[in-house]
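**Student:** model the following, please.
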Amino acid sequence: MRRPIATTALLLSVAVGGAIAWEALSLAASVQPATRTIQAEDPRPAQVRAAVERGLRWLRQNQDPKTGGWIQDVGYKRGDSYVRTASQKPHVGVSGLCLMAFLAGGHFPERGFHGPVVERGVDYVLRSVDPNLGYITGHDTRMYSHAFATLLLAEIYGMTHRADVKEKLQLAIDLIVKSQNKLGSWRYRPYSDKADMSITVCQIMALRAARNVGIRVPKRTIDRAYDYVERSAYKNRNRSNFGGFKYKLEPNSRTSFALTAAGIATLNHAGVYDNELIRAGIDYLKATMPRFNRLHARHYYYFYGHYYASQVFFLCSDDKTSKHLWDWYWPRIAEDLLSQQLPNGSWANNTGPGAAFSTAVACIILQIPNQYLPIFHR
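**Tutor:** Below is the predicted model:
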C-alpha cells in the first residue's frame, strides 16, 4: 500500500519544538499519474467513476460563459450559518476548487475532454489577481478564496510552466507571506492580526504547492505557520477533546471534525504522518465522523471537513502507520457521496456558496486515489 513519492516532493523534517525545516529535493513538477495507487477496496468502482463524470459534466455546463468562472453566492460563515454578501456572482475561490476537480481527473489546459473548461477558468482566475497587491478576489471574496485560487495556480504552473501564471502566482504568494501575523497565522482579510485554524490551513496548502514548483516562499513563513498549527492541538489525554484541533489559540476554543481534519492535513503536508498528535487526531476523526455526517449533510461544513479528511486518511495510510486507514474511510465516504448525488450530477449545498462548491469538492474527494495532483501525493 505504499505510494510513490511525487517528483515535486520536498524533504521535510521536524525540528525540536515542532518547527518544520524545508529542503527542496526537486522542483520539477509532474503531471503524470502515479504508477502505483493505494489498493483500498473500492466499494463501487464503476459507480464512482460515473458519478465523477456526471459531476464534471454538470460543472462544465454551469461554467459562466462570460467570465469562465462559476456563479455562486459570495459570503462568509457566522456560527453554523452562511452570511451572503453578494448574490450569484462569479466566485473566484469556488472557481479554483471547480478547476481542481477537473485537474484531479486528468483534464489539463489543452489536454483531456474538459481541457477547454480549464483554460477558460484559469484565464478568469488570472484576471482576478490584483496586479499591485497580488490579492485574488472578486465581489469581496476573502482569504479562503485567495488560498484556493493560489493553490490552483500553483498546480497549473507545475503542469504548464506558463510565464504569465508564474508571475501572478508569485504575487499571490507574496501577499500570503506579507499577511502572516505575529501568531504565525491568517484571518479573513489580508494583514489581519487575528487568526484561526481553518484559514491558516488553506494558506499553508497554497504555500506548500507553490514551493513545490519553484516559487519563492520564505522558510520562516512555513516554520511559523506549522508551529501555530501544532500549538492548536488539544493534548490533554484526560479531556474529551483530546486529539482535536482548536479553532483559535484560546484555552477552551471549540474543536470539530472539520477543524481536526484540517489540522492533521497540515502536519501531513509537512511530511509528518505518524506521531502522537496525528494518531490521537485520527482516533478523534473516526469517533466523530458518523455524527458529523448526520448533522452536516449538504452543509459547507460537510464538504470542507471531508476535503481535508480525505487527504488525512489517504496520506496517512502506509505501512508505517496503519495500512487500514484508507480502507476504513474510503468505502464510507464513497457510499455517502454516491447516495447524495442528485440526478443532474450535482451535489446540493443548502448552507454555503452553492452547488458548484459542493460538487467540486465531492469530485475532488472521489478522485484523490487518481493522484494526478501533486498536492495530494505523499
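**Student:** quick one: the helices in the stretch 201-350 of the chain?
**Tutor:** In the stretch 201-350 of the chain, helices defined by DSSP state H, counting those that start in this stretch lie at 219-231, 257-269, 276-296, 300-315, 325-340, listed in chain order.
**Student:** out of those, flag the one nearest M197.
**Tutor:** Proximity of those to M197 was assessed by C-beta to C-beta; the nearest stretch is helix 257-269, lying at 5.2 Å. Any C-beta I mention is one placed from the backbone N, CA and C, and that applies to glycine too.
**Student:** okay, the angle between the closest one and helix 219-231?
**Tutor:** Between helix 257-269 and helix 219-231, the angle comes out at 140 degrees (axes from the mean of the first three to the mean of the last three C-alpha atoms, to 10 degrees).
**Student:** looking at the helices of the stretch 201-350 of the chain, which is closest to A209?
**Tutor:** helix 257-269 (8.9 Å).
**Student:** for that closest one, packing partners?
**Tutor:** Contacting helix 257-269 under the criterion 3 or more C-beta pairs under 8 Å, 6 or more residues apart in numbering; DSSP states H and E are the following elements: helix 197-212, helix 219-231, helix 276-296, helix 300-315.
**Student:** for that helix, C-alpha coordinates in PDB please.
**Tutor:** What follows is helix 257-269 as a C-alpha-only set of coordinates in PDB (Å, rounded to 0.1, in the frame of the first residue of the first chain):
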ATOM      1  CA  PHE A 257     -14.300  17.100  12.900                       C
ATOM      2  CA  ALA A 258     -13.600  19.600  10.100                       C
ATOM      3  CA  LEU A 259     -11.000  21.600  12.200                       C
ATOM      4  CA  THR A 260      -9.200  18.500  13.300                       C
ATOM      5  CA  ALA A 261      -9.100  17.100   9.700                       C
ATOM      6  CA  ALA A 262      -7.600  20.400   8.600                       C
ATOM      7  CA  GLY A 263      -5.000  20.400  11.400                       C
ATOM      8  CA  ILE A 264      -3.800  16.900  10.700                       C
ATOM      9  CA  ALA A 265      -3.700  17.500   6.900                       C
ATOM     10  CA  THR A 266      -1.400  20.400   7.600                       C
ATOM     11  CA  LEU A 267       1.000  18.200   9.500                       C
ATOM     12  CA  ASN A 268       0.800  15.700   6.700                       C
ATOM     13  CA  HIS A 269       1.800  18.300   4.200                       C
END
